[in-house]
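[1] Model the structure of this input:
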Amino acid sequence: MPRPERRRVVATSTRVGLLLIVFAMLGATVHALLAEPDGVLGLAVRSTIAALAILPLVWALCRTSGHTLASIGLGRPGRAWPPLVAAALTCWTVSALLVGAALLTDNATLDTGAPASAALTTLALTPLMLTAQILPEELIFRGYVQHLLGFHLTQMTVVLLQTVLFAGVTSLVLGQAGELANLLLIGLFLGLLRTATGGIWAGVGVRLALTATAIMLGATDLVFTSAPSVWELGVNMGGSLAAYLVVRFLFAARPEPNGGFGEQGALPRRRIPVRGIMYDVGSSYVPGQHSRERWNPDAVREEMRVVRHELHCTAVSLFGHDLDRLEQAARFALDQGLDVWLQPRSPGAGHTELAAHVGHAAELAQRLTEEHPDRVVLNVGCELTIINRGILPGSHMDHRSRALYVFALVPFYHNLRLNRLLRRLATLARRRFDGPLSYGAGTWEKVDWTPFDIIGVDYYFDELTRGSYRQGLRALNRLGKPVVVTEFGCCSYQGAESKGGSGGDPLDWRDLNDRRVRGNLVRDEGVQAGMIEQLIDVYETEDVHGAFLCMFIEGDCRYSPDPARDCDMASFGIVRPPTLESGLSPDDGHWEPKEGFHALAHRYGADVVTETEAASEAPQD
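    Purely as a prediction, here's the structure:
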């Protein structure tokens, strides 16, 4: 018998193939029979076919495979119009400004008597283009095809494959092979936009704006008189890129509080082999800031006891810059029976400094593993594209994070540089450490896992992961190595469930002596606890080897009864540091457990009853 995974792949391929064949045949037939398929009559016929054939077919394919129109990117009506309007207005405004600039600088001419009739033509044809072409194509390629392929392939592979399918099928329908390059570019852009926002409506908005602009310019006989190809590229790409940046900033794949964890294809529940938490020995990401200013060995020793015996963890991920602190914390953890993952961090360092730091950490890992065989893993880094210099432009981490919004359109740029660095680090570490190696990848990073023993991903439920959280784990599992979620978690305020790894963004540390929280946030520890429960549910029903919650404590994010200064609620810690006014220091072990602490302890400490065990314990007749 074929394996279940193979059967699912065959079923998906069959459904996608059927939909594309029907779409291609109907489109090619209409273009062959109608003299003007893009005229009013042609668009009306195509709109009718889309309403009577394409939409019902997509709906039927969804229903028969356990999906809904909302799950493939349509979303609820209330979540559809904001990205559509924002993308359309941004794209159209930028395109209009560029056209205006061309006219003012005498780089373009138009028929000044045509704008009124052109506006009417635009108003008449644009809605027809929406229903005849834009919506059906987005529903099929960025909706159904991209969603289903996401269950079997990595995100970037999905984007590229739907791009090829879109360009190939559409050029076949149009009968214009010369348009293939343009269609590939359009398909890639729209696929990335779909991935970034979790829905198809931003793409629909961009296409509406570009379509309206093209109709208007054609009706007014606008001609670019100087460098026409440059101006045309600017009008199309300038508006599109501006729309991408705006909608990514405003609507980037916002998860729904109770959605995104669909259980289709989930495995029988079982206990996660590696149940861990992250522990910061001291990190500095902003000049003048340090997460653990003082090192108190007694407090650290006690916290390792809490991690093992109260949280019921089997492993701890120790991260930070000071290798002496890493070694002492690792020995405390190993003495408590915890396995140790060492993650040296050197934020802002260049590649040479980073490599030297990792090399020294590898020597430390080797000393530890010789004393405690098979209990130490070396994680050579974490999200190096933004934490360290040399991959993305920017002197500070914040600058590099912002640059990622732009470079996400050309991911091969940073992925090529990242993998070159990772090969260097892995080779260096292998010379000094004979234990397992891993890396904590961001979801935007496409890592070549060949040099590593364990696949690690910082996998928050946010941004690119909405709607495909389980699919992302399954895609990593197909690489044939153990998959560990090196970071997961949530902050403790209302709305943090829709922020994921960006939950700390409201922290305002411009004045380190008066740290504040922006946005009138409302503290809610139940949000953090709920996300911990939901994510562990996923890991227990997927083939995940381990998971590390982010994190035990963020000591420099102090609690305050004043919401404007309650930095703790915008931290990922599951214990609450004392107020500044108390005079107590979290570095000395002063903290209180939050709801997330108890949720993690309950889930890590509970015995998971599998389906087989439940059946064996059932009363026998």
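[2] In three-state terms, label W59 for me.
    helix (DSSP: H, G, I helix; E, B strand; the rest coil).
[3] Compute the distance between it and P127, please.
    Taking C-beta to C-beta, to the nearest Å as the measure, W59 falls 22 Å from P127. (Each C-beta comes from the backbone N, C-alpha and C, glycine too.)
[4] list the helices and strands the longest helix seen in the chain packs on?
    In the chain, assigned by DSSP state H, the helix with the most residues is helix 4-33. With contacts defined as 3 or more C-beta pairs under 8 Å, 6 or more residues apart in numbering; DSSP states H and E, helix 4-33 has these neighbours: helix 40-49, helix 55-64, helix 146-149, helix 155-174.
[5] and those, which is most packed in?
    Using mean count of other C-beta atoms under 10 Å, the stretch among these with the largest mean neighbour count is helix 146-149, at a mean of 24.
[6] on that earlier part again, now the helices and strands packed on helix 4-33 in a markdown table, with mean pLDDT and distance to N520?
    Below are those laid out as a markdown table (pLDDT from 0 to 100; distance: least, C-beta to C-beta, whole Å):
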| stretch | mean pLDDT | distance to N520 |
| --- | --- | --- |
| helix 40-49 | 90 | 45 |
| helix 55-64 | 88 | 39 |
| helix 146-149 | 84 | 35 |
| helix 155-174 | 87 | 34 |
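[7] sorry, back to before: residues of the longest helix of the chain that come out buried?
    Within helix 4-33, the residues that count as buried by 16 or more other C-beta atoms under 10 Å are 8, 12, 15-16, 19-20, 23, 26-27, 30-31.
[8] for stretch 365-377, same thing?
    By 16+ other C-beta under 10 Å, the buried positions in stretch 365-377 come out as 365-366, 368-369, 372, 375-377.
[9] just stretch 576-594 next, same as before
    Residues of stretch 576-594 classed as buried by neighbour count (16+ other C-beta under 10 Å): 576-579, 585-587, 589-591, 593-594.
[10] pLDDT on stretch 198-208, on average?
    Taken as a whole, stretch 198-208 has a mean pLDDT of 89.
[11] hmm, back to that, who wins for proximity to A570 among the helices and strands packed on helix 4-33?
    helix 155-174 (27.8 Å; C-beta to C-beta).
[12] Off-centre distance for stretch 343-352?
    Stretch 343-352 has its C-alpha centroid displaced from the chain centroid by 23 Å (C-alpha atoms, centre = their mean, to the nearest Å).
[13] Put the alpha carbons of it into CSV.
    C-alpha atoms of stretch 343-352 as CSV (Å, rounded to 0.1, in the frame of the first residue of the first chain):
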residue,chain,number,x,y,z
GLN,A,343,23.6,29.1,21.9
PRO,A,344,26.4,31.7,21.9
ARG,A,345,25.1,35.1,20.8
SER,A,346,27.1,38.2,19.7
PRO,A,347,24.6,40.7,18.5
GLY,A,348,25.9,43.2,16.0
ALA,A,349,29.2,41.4,15.4
GLY,A,350,30.6,40.9,12.0
HIS,A,351,31.4,37.5,10.5
THR,A,352,35.0,37.3,11.7
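[14] Need the contact partners of that stretch.
    Stretch 343-352 is touched from outside by 283-285, 317-321, 323, 326, 353-354, 357-358, 360-361, 379-382, 387-390, 396-397, 421, 424, 440, with contacts defined as C-beta atoms under 8 Å, 6 or more residues apart in numbering.
[15] try stretch 363-382
    Here stretch 363-382 makes contact (C-beta under 8 Å, 6+ apart) with 317, 319, 323, 326-327, 330-331, 334, 339-345, 354, 358, 361-362, 387-388, 422, 425-426, 429, 432-440, 454, 456, 458, 486-487.
[16] One more: stretch 402-422?
    Here stretch 402-422 makes contact (C-beta under 8 Å, 6+ apart) with 156, 189, 192, 196, 241, 244-245, 248-249, 351, 354, 380-381, 384-386, 390-394, 439, 444-448, 451.
[17] And that stretch, what's buried?
    Along stretch 402-422, these residues count as buried under the neighbour rule (16+ other C-beta under 10 Å): 402-404, 407-409, 411, 414-415, 417-419, 421-422.
[18] Next: stretch 511-518.
    So for stretch 511-518, counting by 16+ other C-beta under 10 Å, buried means 515-517.
[19] Okay, and which of the residues you listed map to strands?
    Judged by DSSP state E, the buried residues of stretch 511-518 include 516-517 as members of strands.
[20] sorry, back to before: now pLDDT and distance to T90 too, for the buried residues of helix 4-33, in TSV please.
    Shown next, in TSV, are these (pLDDT from 0 to 100; distance: C-beta to C-beta, whole Å):
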residue	pLDDT	distance to T90
R8	66	39
T12	81	34
R15	87	34
V16	90	32
L19	92	31
L20	93	31
F23	92	29
L26	91	33
G27	89	30
V30	88	32
H31	85	32
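[21] thinking again about what came up before, buried among the contacts of stretch 402-422? Need that as a selection in PyMOL.
    A single PyMOL command is used to select the members of these judged buried by 16+ other C-beta under 10 Å:
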select buried, resi 156+189+192+196+241+244+245+248+351+354+380+381+384+385+386+390+391+392+439+444+445+446+447+451
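[22] among the contacts of stretch 402-422, which are in helices?
    Among the contacts of stretch 402-422, the members falling in helices (DSSP H) are 156, 189, 192, 196, 241, 244-245, 248-249, 351, 354, 384-386.
[23] what's the distance between V485 and T109?
    In this view, V485 and T109 are 58 Å apart by C-beta to C-beta.
[24] now swap in F461 and tell me
    For F461, the distance to T109 equals 52 Å [C-beta to C-beta].
[25] Between these two, point out the one with more neighbours.
    More crowded of F461 and T109, by other C-beta atoms under 10 Å: F461, with 23 against 14.
[26] name the element that one belongs to?
    Here F461, judged by DSSP states H and E, is contained in no helix and no strand.
[27] Let me know whether it touches L535 as I believe.
    Yes - look at F461 against L535 with C-beta atoms under 8 Å: they come within range, at 6.5 Å.
[28] Could you chop the chain up by domain?
    4-251, 274-607 (automatic domain parsing).
[29] Turn these into TSV, including distance to L267.
    TSV is the format used below for the domains of the chain (distance: least, C-beta to C-beta, whole Å):
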stretch	distance to L267
domain 4-251	10
domain 274-607	5
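[30] between the ones you listed, which gets nearest to P268?
    Of all the domains of the chain, domain 274-607 sits nearest to P268, with 7.3 Å by C-beta to C-beta.
[31] chain center to the closest one: distance?
    Centroid separation for domain 274-607 versus its chain: 16 Å, with C-alpha atoms, centre = their mean.
[32] what about dumping the CA coordinates of stretch 307-325 to PDB?
    Taking Å, rounded to 0.1, in the frame of the first residue of the first chain, the C-alpha atoms of stretch 307-325 are listed here in PDB:
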ATOM      1  CA  VAL A 307      13.300  24.500  35.300                       C
ATOM      2  CA  ARG A 308      13.900  20.800  35.900                       C
ATOM      3  CA  HIS A 309      11.600  20.000  38.900                       C
ATOM      4  CA  GLU A 310       8.800  22.600  38.700                       C
ATOM      5  CA  LEU A 311       8.500  23.200  35.000                       C
ATOM      6  CA  HIS A 312       9.400  19.500  34.300                       C
ATOM      7  CA  CYS A 313      11.700  20.500  31.400                       C
ATOM      8  CA  THR A 314      14.100  17.900  30.000                       C
ATOM      9  CA  ALA A 315      16.400  20.500  28.400                       C
ATOM     10  CA  VAL A 316      17.300  24.100  28.600                       C
ATOM     11  CA  SER A 317      18.600  26.400  25.800                       C
ATOM     12  CA  LEU A 318      21.200  28.700  27.300                       C
ATOM     13  CA  PHE A 319      22.000  31.800  25.200                       C
ATOM     14  CA  GLY A 320      24.100  34.900  25.700                       C
ATOM     15  CA  HIS A 321      27.500  36.300  25.000                       C
ATOM     16  CA  ASP A 322      29.600  35.600  28.100                       C
ATOM     17  CA  LEU A 323      31.000  32.100  27.700                       C
ATOM     18  CA  ASP A 324      32.000  31.900  31.400                       C
ATOM     19  CA  ARG A 325      28.400  32.400  32.300                       C
END
